[in-house]
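Asker: Sequence and predicted structure, then a few things I'm wondering about:
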Amino acid sequence: MLVVTLQRDKCIGCNYCAELCPELFRMSKKDGKTVLLKSRDRKGFHTINTNEIHTYEAEQAKKACPVNIISVKTV
């Protein structure tokens, strides 16, 4: 299982994550920040547990993030 967490409040809207892993991330038209699809929000940390996403794409999105707000863990 893959656990992905996003600190959305710190997002600068660079769009790298959405380009590298569109199965997980989309850019919001309202504020230009990324949205972690199908996630739950707990105190600013948006988290999703999934088996459907390949670890490689999620890891690439994490590495590309210039503000290091994406966490990817394999459980």
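Answerer: Good, I have the coordinates. Residues are numbered from 1 along each chain as shown.

Asker: Quick one: mean pLDDT over the top helix by length along the chain.
Answerer: Secondary structure of the chain per DSSP state H: the longest helix is helix 55-64. Mean pLDDT, computed over helix 55-64, is 94.

Asker: Show me what that helix is packed up against.
Answerer: strand 2-7, helix 16-20, strand 70-74 (3 or more CB pairs under 8 Å, 6 or more residues apart in numbering; DSSP states H and E). (Each C-beta comes from the backbone N, C-alpha and C, glycine too.)

Asker: can we see that at 10 Å?
Answerer: Contact partners of helix 55-64 among helices and strands, from 3 or more CB pairs under 10 Å, 6 or more residues apart in numbering; DSSP states H and E: strand 2-7, helix 16-20, strand 25-27, strand 70-74.

Asker: And the second one, what does it pack against?
Answerer: The reference is to helix 16-20. Using 3+ CB pairs under 10 Å, 6+ apart, helix 16-20 sits against strand 25-27, strand 34-36, helix 55-64.

Asker: Then the shortest one?
Answerer: The criterion is 3+ CB pairs under 10 Å, 6+ apart, and the helices and strands that strand 25-27 contacts are helix 16-20, strand 34-36, helix 55-64.

Asker: could you redo the last one with a cut-off of 7 Å?
Answerer: helix 16-20, strand 34-36 (3 or more CB pairs under 7 Å, 6 or more residues apart in numbering; DSSP states H and E).

Asker: winner for burial among these?
Answerer: Of all those, strand 34-36 has the most neighbours on average by mean count of other CB atoms under 10 Å, namely a mean of 23.

Asker: Tell me the buried residues in the helix or strand just after that strand?
Answerer: Using DSSP states H and E, the helix or strand that follows strand 34-36 in sequence is strand 40-42. Neighbour counts over strand 40-42 (16 or more other CB atoms under 10 Å) mark no residue as buried.

Asker: which residues touch the next helix-or-strand element following strand 40-42?
Answerer: Remark: after strand 40-42, the chain's next helix or strand is strand 45-50, criterion DSSP H and E. Identification of contacts with strand 45-50 by CB atoms under 7 Å, 6 or more residues apart in numbering yields Met1, Leu2, Val3, Val4, Thr5, Leu6, Gln7, Arg8, Leu36, Lys38, Ser39, Arg40.
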